[in-house]
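> Have a look at this fold, sequence not included:
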């Protein structure tokens with residue numbers, strides 16, 4: 001059968017994620033200190049925590065209002081990560097935000113504390129900020145990084 005997947009150490013995930021702070025925003029990129037978008041940040045953390053990316057990420061649109069039958073990002077994360085309920089997600093979890101009602105979840109962040117998260121945001125680059133109620137209620141999915 002499948003061996004149990006053990007979550008990575010959340011402190012390690014957070015330390016690696018914080019090493020990306022200040023990286024400029026750059027659409028579709030994933031280079032620490034050079035440029036990344038929200039998914040590129042998650043991919044970069046994955047490479048350091050887990051190892052090589054298991055499959056190439058297809059090009060994606062930035063449209064936060066995108067609707068459709070498939071939660072593309074969540075399905076991708078589900079193939080490689082450990083899904084938890086958003087209510088159970090703690091520091092070190094990767095969270096997917098639904099930025100518009102009824103749109104698919106397109107924005108990605110990493111929880112760094114009970115009330116803080118880190119993400120790459122257009123024009124601002126990688127920042128850590130409070131997980132306010134308006135952010136918290138947009139969390140649609142949560143995942144843990146596996147140990148390598």
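Noted; the coordinates are in hand. This is a predicted model, so every value here is computed, not measured. Numbering: from 1, shown residues only.
> And the strands in the chain, which stretches?
Applying DSSP state E to the chain gives strands spanning 30-31, 35-36, 82-84, 94-97, 107-113, 116-121, 125-130, 139-144.
> what comes into contact with the second one?
Around strand 35-36, the neighbours that count as contacts under C-beta atoms under 8 Å, 6 or more residues apart in numbering are 20, 23-26, 29-30, 43-44, 120, 126. Using the backbone N, CA and C atoms, a C-beta is placed for each residue, glycine as well.
> which helix is the longest one in this protein?
Using DSSP state H to define each element, the chain has its longest helix at helix 38-49.
> and it, what does it pack onto?
helix 10-18, strand 30-31, strand 107-113, strand 116-121 (3 or more C-beta pairs under 8 Å, 6 or more residues apart in numbering; DSSP states H and E).
> residues making contact with the shortest one?
Residues external to strand 30-31 that are found in contact with it (C-beta under 8 Å, 6+ apart): 23, 36-37, 39-41, 43-44.
> how about those in a markdown table, adding distance to residue 108 and pLDDT?
Converted to a markdown table, those look like this (distance: C-beta to C-beta, whole Å; pLDDT from 0 to 100):
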| residue | distance to residue 108 | pLDDT |
| --- | --- | --- |
| 23 | 14 | 98 |
| 36 | 11 | 97 |
| 37 | 9 | 95 |
| 39 | 5 | 94 |
| 40 | 9 | 95 |
| 41 | 7 | 97 |
| 43 | 9 | 95 |
| 44 | 11 | 96 |
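> Name the nearest of those residues relative to residue 105.
Taking C-beta to C-beta as the measure, residue 105 lies nearest residue 39 of the contacts of strand 30-31, at 11.5 Å.
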